[in-house]
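**Student:** Predicted coordinates and the sequence they were generated for:
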Amino acid sequence: MPGKIAVKFYALLRQRLGMSAIEVDADGLTILELLRRVEKQAGRSFLDDLLDPEHLLLAGTIILVNGENVRLKQGLGTPLRGGDTVDLFSPAGGG
């Protein structure tokens, strides 16, 4: 659906948030902007599990956009569009 982005949580994030996925109106946002919006919409903080104090990805954090690792794209500045799927894995987490 245009404008909607599916965000899926795995392992420790799934347990912490008590949900496996959330859908967000986020067309035109970057990964970092999406993460902030998801945290607000979920009503629970989780960014500390993925990012360091300077808002850089922690070692071991995996964020996929449509199956592609954002580290191989533009990192947290990777642009998103409606219909994308974002998978979030915190360090020490698996699927």
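**Tutor:** Thanks, I have it. Numbering: from 1, shown residues only.
**Student:** Let me see the residues that make contact with stretch 32-42.
**Tutor:** The contact list for stretch 32-42 (C-beta atoms under 8 Å, 6 or more residues apart in numbering) reads 5, 7, 17, 19, 22, 24, 26, 29, 45-47, 50-51, 55, 76-77, 80, 86. Every C-beta, even on glycine, is put in place using the N, C-alpha and C of the backbone.
**Student:** Flag the shaky bits of this structure, pLDDT-wise.
**Tutor:** Along the chain, segments meeting pLDDT under 70 span 1-2, 93-95.
**Student:** re the thing from before, write the PyMOL selection for whichever of the contacts of stretch 32-42 are buried.
**Tutor:** Buried residues among these (16 or more other C-beta atoms under 10 Å), as a PyMOL selection:
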select buried, resi 5+7+17+22+24+26+29+46+50+51+76+80+86
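**Student:** Tell me which of the contacts of stretch 32-42 fall in helices.
**Tutor:** Of the contacts of stretch 32-42, the ones assigned to helices by DSSP state H are 17, 47, 50.
**Student:** Contacts only, for the second one.
**Tutor:** Applying C-beta under 8 Å, 6+ apart to residue 47 gives the contacts 35-36, 39.
**Student:** Tell me the spacing between residue 61 and residue 86.
**Tutor:** 13 Å (C-beta to C-beta, to the nearest Å).
**Student:** again, but for residue 70
**Tutor:** Going from residue 70 to residue 86 by C-beta to C-beta gives 9 Å.
**Student:** which one's the longest helix in the protein?
**Tutor:** helix 31-42.
**Student:** Any idea how far that one is from the middle of the chain?
**Tutor:** Centroid separation for helix 31-42 versus its chain: 7 Å, with C-alpha atoms, centre = their mean, to the nearest Å.
**Student:** With just CA atoms, put it into CSV.
**Tutor:** Written as CSV, here are the backbone C-alpha positions of helix 31-42 (Å, rounded to 0.1, in the frame of the first residue of the first chain):
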residue,chain,number,x,y,z
ILE,A,31,15.7,4.8,8.2
LEU,A,32,16.6,7.0,11.2
GLU,A,33,13.4,9.0,10.9
LEU,A,34,11.4,5.8,10.5
LEU,A,35,13.0,4.3,13.7
ARG,A,36,12.0,7.4,15.7
ARG,A,37,8.5,7.2,14.4
VAL,A,38,8.2,3.5,15.1
GLU,A,39,9.4,3.9,18.6
LYS,A,40,6.8,6.6,19.2
GLN,A,41,4.0,4.6,17.6
ALA,A,42,5.0,1.4,19.5
